[in-house]
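A.B. asks: dropping a prediction and its sequence here:
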Amino acid sequence: GESVGLHLPTLSVQEGDNSIINCAYSNSASDYFIWYKQESGKGPQFIIDIRSNMDKRQGQRVTVLLNKTVKHLSLQIAATQPGDSAVYFCAETISGGYNKLIFGAGTRLAVHP
Amino acid sequence: GAVVSQHPSWVICKSGTSVKIECRSLDFQATTMFWYRQFPKQSLMLMATSNEGSKATYEQGVEKDKFLINHASLTLSTLTVTSAHPEDSSFYICSANEPTANTEAFFGQGTRLTVV
């Protein structure tokens, strides 16, 4: 959903552990969801997406889970690496329109060696 | 994936002056681009939808006379921050949808604006 004036929560993990980042979205009409990774001073980078007709999608080392009942998304990163350290945002949209994205609050992932 | 380029990457300007930020889709045509603003440690907030050949659509609370958007071609949208003030200092990011990529949006690298 929309975030206003929120500061980013931080998830700290050890290198090699699995990470789970959660996101609540606000619009029950949203049918397309995307996870983005943002490194300091850069624009968001696409990680993985999922449509509302699915509840799970896997990529390379990443898995996205969608629970439409409670309007919740999660991003799972397997064998987290130092290069995964960044801020992660979920975004929601209604496909078929202008594809306007609404971003969640974001979570900072800190990976420690 | 498709490439979206922003220019400049950073800019420092004096209070009261105007600053123009460019967003270009380098290898595809984008009839629609989006402009976001991001304050430190916060999320991206959509400012406006830029439509090629027509007026931009602004989100609630965004002053259209202060943030002028021009989308004169299928590969270029510009955001001009007019009469900039220190509170306009932020990270401005554009995105565009590549038609064959369905709904995935591609983002520029962002522009850090500092108004002194």
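C.D. replies: Cool, got the structure.
A.B. asks: what about the strands in the chain?
C.D. replies: Since you didn't name a chain, this refers to chain A. Using DSSP state E, the strands of chain A run over A:10-14, A:19-24, A:32-38, A:45-51, A:56-58, A:62-67, A:72-77, A:86-93, A:102-103, A:107-112.
A.B. asks: nope, chain B please
C.D. replies: Going by DSSP E, chain B shows strands at B:4-7, B:10-13, B:19-25, B:32-38, B:44-51, B:57-58, B:67-73, B:76-81, B:90-97, B:105-107, B:111-115.
A.B. asks: what residues are up against residue A:88?
C.D. replies: A:21, A:35-38, A:47, A:75, A:106-109 (Cβ atoms under 8 Å, 6 or more residues apart in numbering or on different chains). C-beta coordinates here come from the backbone N, C-alpha and C atoms, glycine included.
A.B. asks: just the pLDDT for the residue in chain A positioned nearest to chain B.
C.D. replies: Nearest residue of chain A to chain B: residue A:43, at 3.7 Å (Cβ to the nearest Cβ). At residue A:43, the model reports a pLDDT of 94.
A.B. asks: contact partners for it?
C.D. replies: Counting by Cβ under 8 Å, 6+ apart, the residues that residue A:43 touches are B:4, B:6, B:93, B:95, B:107-110.
A.B. asks: could you pull up phi and psi at it?
C.D. replies: Main-chain torsions, residue A:43, degrees, to the nearest 10: phi -80, psi 160.
A.B. asks: and residue A:36, how far from residue A:64?
C.D. replies: Using Cβ to Cβ, to the nearest Å, we find residue A:36 at a distance of 12 Å from residue A:64.
A.B. asks: which regions of the chain lie under the pLDDT threshold?
C.D. replies: Went with chain A since none was named. Flagging of chain A using pLDDT under 70 yields the residue ranges A:1-7, A:96-98.
A.B. asks: oops, chain B please
C.D. replies: In chain B, residues with pLDDT under 70: B:1, B:99-103.
A.B. asks: around chain A, pick out the residues from it.
C.D. replies: Chain B comes close to chain A at residues B:1, B:4, B:6, B:32, B:34, B:36, B:41-46, B:49, B:91, B:93, B:95, B:97, B:102-110, B:112, as judged by Cβ under 8 Å from any Cβ of the partner chain.
A.B. asks: just the buried members of these?
C.D. replies: For the residues of chain B next to chain A, a neighbour count by 16 or more other Cβ atoms under 10 Å in any protein chain shown gives the buried set as B:4, B:6, B:32, B:34, B:36, B:42-46, B:49, B:91, B:93, B:95, B:97, B:103-108, B:110.
A.B. asks: list the contacts for residue A:49?
C.D. replies: A:32-35, A:57, A:64, B:103-104.
A.B. asks: Serialize those to JSON lines and add fields for distance to residue B:66.
C.D. replies: JSON lines is the format used below for the contacts of residue A:49 (distance: Cβ to Cβ, whole Å):
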{"residue": "A:32", "distance to residue B:66": "31"}
{"residue": "A:33", "distance to residue B:66": "32"}
{"residue": "A:34", "distance to residue B:66": "29"}
{"residue": "A:35", "distance to residue B:66": "32"}
{"residue": "A:57", "distance to residue B:66": "40"}
{"residue": "A:64", "distance to residue B:66": "37"}
{"residue": "B:103", "distance to residue B:66": "30"}
{"residue": "B:104", "distance to residue B:66": "30"}
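A.B. asks: nearest to residue A:85, of these?
C.D. replies: residue A:35 (15.4 Å; Cβ to Cβ).
A.B. asks: give the burial count for that closest one, as a bare number.
C.D. replies: Neighbour count of residue A:35, defined by other Cβ atoms under 10 Å in any protein chain shown: 25.
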